[in-house]
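Visitor: What would the 3D arrangement of this be:
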Amino acid sequence: MTTCLLNGSANLQHGTNICIGKGHWYSSKTCSLAFKTCLQIDISRLSAPSQFLCSKRHGSLKAPLYRRKGSSQTVTVSCMQDNTTKYFDFVVVGSGVAGLRYALEVSKHGSVAIITKAEPQECNTNYAQGGVSAVLCPSDSVENHMRDTIVAGAYLCDEETVRVVCTEGPERVKELIAMGASFDHGDDGELHLAREGGHSHHRIVHAADMTGREIERALLKAVDDDPNIFMFGHHFAIDVLTSQDKMGINCHGVDVLNVETEQVFRFLSKVTLLASGGVGHIYPTTTNPPVATGDGIAMAHRAQAVISNMEFVQFHPTALADEGLPIKPTKPRDNAFLITEAVRGDGGILYNQSLQRFMPLYDSRAELAPRDVVARSIDDQLKKRGEKYVLLDISHRPHDAILSHFPNIASECFRYGLDITREPIPVVPAAHYMCGGVRAGLHGETNVSGLFVAGEVACTGLHGANRLASNSLLEALVFAQRAVEPSINYATESTGPKLRIWAHPVLPISLKEDKIEEIKQKTKEVRRELQSVMWEFVGIVRSTQRLKTAEWRISELEAEWEEFLFRRGWNQTMVGVEACEMRNLFCCAKLVISSALARQESRGLHYTEDFPYLEESKRKPTVIFPASLPAAKATWSSQQVHKQLYC
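Guide: Predicted coordinates:
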């Protein structure tokens, strides 16, 4: 794993060559890194013909898939050799807004499999409260939206990406409305546009405080009505299937574990889109649902995709602090309950527990400052005062307006004895969004041929060092659409299938039940320990020493865990959900730490006590290039489960 600050654009632009190797990479006065091999990444090649894997003439099989209520849909898929291999034109990993929107477009040109590890609606999209930012008001402009995005991103955003997203965003929102998504309207009949932190104008399209749920509902309905799309729920993506030739790395689909039947399936495809979300569960407290374990980023890294800007983990400043509720929840939540940015945008005020307003002490924008500023300010208050939460008060607003704008929040708080129309809400920062990810070009392309990315798993350059509120759903919509045409071209120009054989992942059926239970229990303990290390040493405020301590402790923890597994008969081709999630969490945690150590300045979400100021010479993305680790240092999390084929 090799990390450095990259000169130039944050994008993999069309026709770009990135040379890794032959001497040293000099990106700044403080960064010179040696590489052993040279990888030419030519994005113009992504539409070139490639050898392919499978043909429909091998026969077909009726296979079960996830069925929503009222659906009688079944899927006919192509098989090779046995009924565990399936062929689709397009495979999508993830069922959030990016994956569903993409699937609905490419389904016009071929069969589509959507792989999702839980219920289709269990994704970050479904938990998004605030809304979608878009220029839909005459007093607003694309330039205003661009400026707000770049300022929030601490000037690390890629300007071309920002312009593309802000320009195309309004049309993407209108498409959602045409598909049946219902957003709030004002008394004048026009869309009600909210304002959130970091925005200079009212431009947030929303459905009360449940916008993501409404978008997910509309998209799932459209997917269910599409005869070319097949949803495979409770299917866990294990690894991307790749081959390598003299032109580079090629993607051919994914290996998948059906967690209900405990079978491993191979999904072969012309094009694969990763839309698998973020990495919130590398931390103990996160607003992300349990599925957000960094699977897509880890799989892409193992497939030798370029990774960028992983140091920029966004901590949402206002998650519900259960300790401050009048009635405490009886059991820990799987994920923290989000108190949307829109509460502060609607006039919410932050106080410490002595009812002293503190945000004006930190920033002239007070509660409307970007999330990184607010989260650090709250963190500072908590540490100085030795308290566990602060208070967010919206009770000065009209009673009916509060209940109208924030019904979901009001209902959740009321369950625990808190009336937000009369009392302040206890809040605390929680891990929320990954601004980095798999490095993507302007059409979602990666350096791996046939592999595209969209949504939180991708690093497009839009967010820079800090995501502007409500830009995430917007980015997902725009890049899902932009990935469609090159995906279709790539699929169309593929020359035809050739049978290739990879080693199959296997279930640990050879192990005794007591050994499997021991492994599961140990994995739970290790997961909690990893999360604790990340929160303590790689949290909102960092230092070089703490980062190095985290790097060492996580390396030791991973080695201890792997040794425990292998002593009990586990081998590197075995798979299970808990173990696969654990290795993905290890992989992503190491990527975050590596990137954080490479950025020797404080910018946006990355604040380090050793380098507390912005430095113009380091206004560049961090990049982790694919590199072959020495065999002695390679871990299970850094290797694909199947044996990669080289042609």
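Visitor: what's around the nearest residue to Y607 once chain neighbours are set aside, how many residues?
Guide: Setting aside the residues directly before and after it, Y607 is nearest to V541 in space (C-beta to C-beta, 6 or more residues apart in numbering), at 5.5 Å. Glycine gets a C-beta too; all of them are placed from N, C-alpha and C. Around V541 sit 15 other residues, with neighbours defined as other C-beta atoms under 10 Å.
Visitor: OK, contacts around V541?
Guide: 376, 379, 607-609 (C-beta atoms under 8 Å, 6 or more residues apart in numbering).
Visitor: Could you say which helix or strand holds T85?
Guide: For T85, the host element (DSSP states H and E) is strand 82-93.
Visitor: contacts for the very next helix or strand once past that strand?
Guide: Elements were assigned by DSSP H and E; along the chain past strand 82-93, the next helix or strand is helix 97-106. Contact with helix 97-106 is made by 89-90, 92-93, 112, 114, 116, 125, 212, 215-216, 219-220, 222-223, 226, 229, 271, 273, 275-276, 454-455, 473, 476-477, 479-481, 483-484, 487-488, 491, as judged by C-beta under 8 Å, 6+ apart.
Visitor: PyMOL command for the buried members of those residues?
Guide: Below is the selection syntax for PyMOL that covers the buried ones among these, with 16 or more other C-beta atoms under 10 Å defining burial:
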select buried, resi 89+90+92+93+112+114+116+125+212+215+216+219+220+222+223+229+271+273+275+276+454+455+473+476+477+479+480+481+483+484+487+488+491
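Visitor: Now, the contacts of helix 97-106 that are in helices?
Guide: 125, 212, 215-216, 219-220, 222-223, 473, 476-477, 479-481, 484, 487-488, 491 (DSSP state H).
Visitor: So what would you say the end-to-end distance of stretch 424-444 is?
Guide: One end of stretch 424-444 to the other measures 42 Å (C-alpha to C-alpha, to the nearest Å).
Visitor: average pLDDT across that stretch?
Guide: The predicted model assigns stretch 424-444 a mean pLDDT of 97.
Visitor: Please apply the same query to stretch 619-637.
Guide: With pLDDT averaged residue by residue, stretch 619-637 scores 78.
Visitor: end-to-end on it?
Guide: Stretch 619-637 stretches 30 Å from its first residue to its last (C-alpha to C-alpha).
Visitor: Return the residues in contact with V538.
Guide: Listed by C-beta under 8 Å, 6+ apart, the contact set of V538 reads 313, 546-547, 550, 589, 592-593, 596.
Visitor: same thing but at 7 Å, please
Guide: By C-beta atoms under 7 Å, 6 or more residues apart in numbering, the contact set of V538 is 547, 550, 592-593, 596.
Visitor: Now do the same contact list for the spatially most central residue of the chain.
Guide: The C-alpha lying nearest the average C-alpha coordinate of the chain belongs to G278 (C-alpha atoms, centre = their mean; 2.4 Å). With contact taken as C-beta under 7 Å, 6+ apart, G278 is in contact with 124, 288, 292, 433-434, 456.
Visitor: just L392 next, same as before
Guide: Taking C-beta under 7 Å, 6+ apart as the contact definition, L392 lies against 318, 339, 343, 348, 350, 424-425, 427.
Visitor: Mind pulling the model confidence for it?
Guide: 98.
Visitor: Give me the distance between it and H281.
Guide: Noted for L392: a distance of 24 Å to H281, by C-beta to C-beta, to the nearest Å.
Visitor: likewise S472?
Guide: Where H281 is concerned, S472 sits at a distance of 17 Å (C-beta to C-beta).
Visitor: When these two are compared, which one has more neighbours?
Guide: Counting neighbours by other C-beta under 10 Å for S472 and for H281 shows that S472 has the greater number, 29 against 26.
Visitor: for the more buried one, what are its contacts?
Guide: By C-beta under 7 Å, 6+ apart, the contact list for S472 reads 433, 456.
Visitor: Kind regards, and thank you for your time.
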